[in-house]
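Visitor: This is a predicted model, with the sequence first.
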Amino acid sequence: MCKTFMRLLILGFCGWLATTSAAGSLRVATEGAYPPFSFINEEGQLAGFDVDIAREICRRLEKDCEIVAVPWNELLSRLMAGQHQMIVASMSKTPEREQQAEFTDPYYRTRNVFIGRRDVGVTQVNPETARGKTLATQADTTYAEYLQEKYATSTLKFTATLTDAFTALARSEVDLVLADNLSTFEFLRSEVGQTLDIIGQPLTINETTEVAHIQVRKGDIQLRDAVNAALRKIWLDGAYHRINARYFPFNVY
Amino acid sequence: MNVASPERNEPPRRRLVPTLLLGVVIAMLSGGAAVGVLLMVQYDILRLAQEATDTLLPDIHAEVRTVVNLERLKVFGEIVRHSAEPDERREAQLAAQILAMDVVYERDPRIREQVDQVYSIIEKMAAHQARLDAVGQGIESAGGPIPNDGAALANDWREANTMLGNLVQHLSTDAAVTAAEGSARIARQTKWAMGVVISISGGMALLFMIMIIFIRRAVVKPILRATQNLRQIQARPDAVQIQRERLQELDDIAKAVSAFGAALSQINERTAELEREIAERQQAQAKLVELANTDSLTGLHNRRYFMETAAQEFDRARRYQMPLSLLMIDADRFKSINDRFGHHIGDEVLKVLAIIGRRQLREVDVFARMGGEEFAVLLPQTDFVAARIAAERLRQTIAEYTIDTEQGFLNFTVSLGLACLDPATVDLDDLLRRADVALYQAKQNGRNRVEPTLAG
C-alpha cells in the first residue's frame, strides 16, 4: 500500500519533470514564402502575420519557441517526423491533412479569388471563360487540387510558392492566378501588382477551404487545447488585433 | 408466567437490522440523489461556461470584428471619395472589395445586403474619381461625356454612411446584450447551485442527526438499560421493572432480561424453600436417630446405641492396647419396690439411678439402660483399679440417696459387675458375659456391692 503510493508519487514527480522540461521549448514551422503571412524581411529574418501569431501564442504558452521556415510541401511530413511540434502556416483543413495532424480552432479567414490583368478579357472566371487560358497557383494546395478538378480545359501551372505564381503573372507568363484575397491584397498593392486586379467574384464558400488553422502533432490534444486557449486569450486582450493591424487595414477574423 | 397474551394486542415492532439497513439505504439514496442533482447543476454550469467560451465568445468576437470592419469600410469609402492620390484610392478600394467579399460570412442577411450596397457605391465613386482624373489630365474619355453624377453620388454616400452607422450601433448593443445575458444565466445557475448545495447539506445533516438520535434512543439506550437491568437482577431479581423497547430484537433482549429476572427470582425462592425443607428433614432425622438411640424413660442411651458404641470402643481399645472397663448395674430387689410403691416409683428409682450415674460418670463414658432395671457403663481408658473406684463411688452414692414417696422414704441399692479388657478377652460379647457373671456373683454375695471379674 505504502510502497505503491510511493511508487506513484515518484512516477508523478518524474512525469512532472518530463512535462516541465518539455515545456521549455517548442519548434514551430511556417512557410517563409507567403507574404504577408510569412516571409524573409530585409534583415533576413522570418516575419509576417503567421510568425507574429506564432510568437504571441508561444508567449502565452510560456515556451521558448524556435520558428523555422519549412517548404510548404514538407510541413506536415516533418511534423509527423517530429522535427517540429507546431505549424503556423495559413493551412486550411482537409480530410487528408486532418489524418496527419491535430487542427486548432481557425485563426483567420479569407475568400479565394482569381487575379489577372484588367484586360484579360474575362469578367467572371469559370471553366468556360478560362478555357485556353493559363492558370497558376501554388503546388500541393487546395487551390491546385481545385484547379485540377474543375479547370481541366485550361493550361495549369503549379509553382513552389505563391509568390512564384504572382511573379509569373506579373511577367505575363500566366493569365490568371488563384489565391486567397489577403495574399492577393498584399500583392496587388505592391509595385508589380499595380496593373493587376481581382477578376470577378470570389469562389463560392466551400469550393475550397478558406479558413486557416494551426496544426500540432496528431494526438497532442494537450497542446492543441493550450493553443486554442491562447488564441482566445490573444483575441480578447487585443494582441491579435495589434498583429492584425500590422499587416491589414481591416480585421481578418 | 403468561407472556404471550399481552403481546397479541401490541402493534408489530420493527426489526433492528432491516431498520438500520433501511436507514442506510435511505441515507445512500438521498446522498446519491443529492450528488446526482449537484452533478446535474454543476454540469449545467459547466455547459453554460463552455457555451460562453464556445459560442458566446466567438459570437461577441465576430460582432466586434464586424463593427470594426464596417467602420473601416466607411474609412475606405472616404479615402476613395476624397483622396487625390490614385494609388491610395486603388488600395482603399481593394481593401473595401475584400471586406465586401468577407461579408458573406455574416449571418445577418441585412449586413450582407447593406455592405454590398455600400461597396457598389464605393466602386461607383472610384470610377467617378478615375474619370475626373482623366479629365484633369486632358485625356478625353473614350466613353463619351462624363455623366454629371457627382451630386447623386454624394447623396448616395451620405445614405451609405447613415446605413453603416445604424448597423454599427445595432451590432454594438447586440454584443453587449449577448454577453450580459450569458453571464446572467451563469450567475443564475450558480445561485441555484448554491441553494441546492446548502439545502442538500442541511438535509443530509438533519438526516444524519435523526439517525444518530434514533440509534441512540432505540438501540444504545435499550442495550444500556438491559445491561443495567441484568446487573440489578443479580442483586435483587424481583425488584427489576422492564421497559418495553421499540425495536424487535432489543425488545426481545429486554423481555429475555425480564424473563431471566423472573426465572432467577423463582430459582432463588425454590432454593430457599429447598434449604428450609432440607433443614427440617435433617432435624426430623436427627430426632429419629436420637429417639432410636435413647431410652425414653431415663433419657439415657438405649441398648442398641450402647452395643454399637461399645463395639467401636472395644475395637479401638484393643487396636491401641488401651485399658477398657465395663460395668453392669442392676437395681436390687426392684420387683419388690415396684410391688410396694407402685410402678411410678419404680420408674422414679430408674430415673434417679440414671441421674446419679450421669452426674458421676465422665463425658466419655457410655451409660445406657440395657432394659428393665439393668444398666451398663463402658469406661474407655479406664483400668481395673480406676473402674473399681468409680463403681464403688456410684454404688455408695446411690445407696445414700433417699426418695421421698407418699408411703415414706425409700432407699435402694444396686449391684455392680465389673469386667476389664485383658488379653484373654475374645470379643465384646465375652466382656459382657463376664460382667454379667460378675453381676450375678454380686447378687449372690449379698447385693449392694461391686463384684469384679476374677482374672481367667
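Guide: Right, received. Where do you want to start? Predicted model, so just to flag it, every value in this text is computed and none were measured.

Visitor: Any idea how far apart the tips of stretch A:132-146 sit?
Guide: 17 Å (C-alpha to C-alpha, to the nearest Å).

Visitor: So, low pLDDT: which residues of the stretch 1-150 of chain A?
Guide: Residue ranges of the stretch 1-150 of chain A with pLDDT under 70: A:1-23.

Visitor: give me that answer again for 80
Guide: A:1-24 (pLDDT under 80).

Visitor: Pull up the residues of it that are close to chain B.
Guide: A:Arg109, A:Arg111, A:Val113 (C-beta under 8 Å from any C-beta of the partner chain). Heads up, the C-betas are built off the backbone N, CA and C, glycines and all.

Visitor: And the second one, its phi and psi?
Guide: If I follow you right, that is A:Arg111. Main-chain torsions, A:Arg111, degrees, to the nearest 10: phi -120, psi 160.

Visitor: just B:Leu379 next, same as before
Guide: Torsion angles at B:Leu379 (phi, psi; degrees, to the nearest 10) stand at phi -120, psi 100.

Visitor: show me the contacts for it.
Guide: Counting by C-beta atoms under 8 Å, 6 or more residues apart in numbering or on different chains, B:Leu379 touches B:Leu324, B:Ser325, B:Leu326, B:Leu327, B:Leu361, B:Arg362, B:Asp365, B:Ala386, B:Ala387, B:Ala390.

Visitor: Could you do A:Leu196 as well?
Guide: Counting by C-beta under 8 Å, 6+ apart, A:Leu196 has contacts A:Ile115, A:Gly116, A:Arg117, A:Arg118, A:Leu169, A:Ala170, A:Phe187, A:Leu188.

Visitor: now the second one: how far from A:Leu147?
Guide: When C-beta to C-beta, to the nearest Å is the yardstick, A:Gly116 and A:Leu147 sit 14 Å from each other.

Visitor: again with the fourth one
Guide: Using C-beta to C-beta, one gets 22 Å for the distance from A:Arg118 to A:Leu147.

Visitor: same thing with the last one?
Guide: Using C-beta to C-beta, A:Leu188 is found at 20 Å from A:Leu147.

Visitor: B:Gln114 too?
Guide: In terms of C-beta to C-beta, B:Gln114 sits 34 Å off from A:Leu147.

Visitor: okay, the two: which has more neighbours?
Guide: A:Leu147 (23 against 18; other C-beta atoms under 10 Å in any protein chain shown).

Visitor: host element of the more buried one?
Guide: helix A:142-150 (DSSP states H and E).

Visitor: Secondary structure class of A:Glu102, three-state.
Guide: strand (DSSP: H, G, I helix; E, B strand; the rest coil).

Visitor: Can you verify my assumption that it contacts A:His213?
Guide: No: contact criterion C-beta atoms under 8 Å: A:Glu102 and A:His213 do not qualify, at 9.6 Å.

Visitor: Just give me the residue right at the centre of the chain.
Guide: With no chain named, the answer covers chain A. Computing the C-alpha centroid of chain A and ranking residues by C-alpha atoms, centre = their mean puts A:Ser90 first, at 1.2 Å.

Visitor: Wait, chain B was what I had in mind.
Guide: B:Ile223 (4.0 Å).

Visitor: Contact partners for that one?
Guide: B:Leu250, B:Ile253.

Visitor: re the thing from before, angle of the helix or strand that the helix holding A:Leu147 is followed by against helix A:142-150?
Guide: Going down the chain from helix A:142-150, the next helix or strand is strand A:155-159, by DSSP H and E. The directions of strand A:155-159 and helix A:142-150 differ by 160 degrees, with axes from the mean of the first three to the mean of the last three C-alpha atoms, to 10 degrees as the criterion.

Visitor: what helices or strands is strand A:155-159 leaning on?
Guide: Helices and strands touching strand A:155-159, as assessed by 3 or more C-beta pairs under 8 Å, 6 or more residues apart in numbering or on different chains; DSSP states H and E, comprise strand A:134-138, helix A:142-150, helix A:162-170.

Visitor: who touches it?
Guide: A:132-140, A:144, A:147-148, A:165, A:168, A:173-174.

Visitor: what's the answer for stretch A:65-83, then?
Guide: A:25-34, A:38, A:40, A:46, A:51, A:54-55, A:58, A:84-87, A:89, A:91, A:97, A:100-101, A:138-141, A:160-161, A:215-218.

Visitor: do that again at 7 Å, thanks
Guide: A:25-32, A:46, A:51, A:54-55, A:58, A:84, A:87, A:89, A:97, A:100-101, A:138-140, A:161, A:215, A:217 (C-beta atoms under 7 Å, 6 or more residues apart in numbering or on different chains).

Visitor: In CSV, could you pull the C-alpha coordinates for that stretch?
Guide: This file holds the C-alpha atoms of stretch A:65-83, laid out as CSV (Å, rounded to 0.1, in the frame of the first residue of the first chain):
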residue,chain,number,x,y,z
CYS,A,65,9.9,28.9,-29.5
GLU,A,66,12.2,28.4,-32.4
ILE,A,67,10.4,29.5,-35.5
VAL,A,68,11.7,27.8,-38.6
ALA,A,69,10.9,28.2,-42.3
VAL,A,70,10.0,24.9,-43.9
PRO,A,71,9.0,24.3,-47.6
TRP,A,72,5.2,24.1,-47.9
ASN,A,73,5.0,20.5,-49.1
GLU,A,74,7.2,19.3,-46.2
LEU,A,75,5.4,21.0,-43.4
LEU,A,76,3.1,18.0,-42.5
SER,A,77,5.6,15.2,-43.1
ARG,A,78,8.2,16.9,-40.9
LEU,A,79,5.6,17.5,-38.2
MET,A,80,4.8,13.8,-38.3
ALA,A,81,8.5,13.0,-38.2
GLY,A,82,8.8,15.1,-35.0
GLN,A,83,11.1,17.8,-36.5
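
Visitor: ok now it, how far from the chain's centre?
Guide: Distance, stretch centre to chain centre, for stretch A:65-83: 12 Å (C-alpha atoms, centre = their mean, to the nearest Å).

Visitor: same thing with stretch B:217-231?
Guide: For stretch B:217-231, the distance to the chain centre is 6 Å (C-alpha atoms, centre = their mean).

Visitor: After the helix or strand A:Met91 falls within, which helix or strand is next?
Guide: Element membership for A:Met91 (DSSP H and E) is strand A:86-92. Once the chain leaves strand A:86-92, the next helix or strand it forms, by DSSP H and E, is helix A:95-98.

Visitor: For the nearest residue to A:Ala160 once chain neighbours are set aside, give its distance to A:Leu236.
Guide: Computed as C-beta to C-beta, 6 or more residues apart in numbering or on different chains, the closest residue to A:Ala160 that is not its neighbour in sequence is A:Ala139, at 6.3 Å. Counting by C-beta to C-beta, the gap from A:Ala139 to A:Leu236 is 37 Å.

Visitor: which of these two has more neighbours?
Guide: The residue with more neighbours, out of A:Ala139 and A:Leu236, is A:Ala139; 17 against 13, by other C-beta under 10 Å.

Visitor: how far away is whichever residue of the stretch 151-300 of chain B sits closest to chain A from B:Val364?
Guide: Of all residues in the stretch 151-300 of chain B, B:Ala179 sits closest to chain A, at 11.6 Å by C-beta to the nearest C-beta. Distance, B:Ala179 to B:Val364, using C-beta to C-beta: 129 Å.

Visitor: neighbour count winner among the two?
Guide: Between B:Ala179 and B:Val364, counting by other C-beta under 10 Å, B:Ala179 is the more crowded of the two (16 against 11).

Visitor: what about the helices in the stretch 51-200 of chain B?
Guide: Applying DSSP state H, counting those that start in this stretch to the stretch 51-200 of chain B gives helices spanning B:57-82, B:86-102, B:109-136, B:150-215.

Visitor: hmm, which of the contacts of A:Leu196 are the buried ones?
Guide: Using 16 or more other C-beta atoms under 10 Å in any protein chain shown as the burial test, the contacts of A:Leu196 include A:Ile115, A:Gly116, A:Arg117, A:Leu169, A:Ala170, A:Phe187, A:Leu188 as buried.
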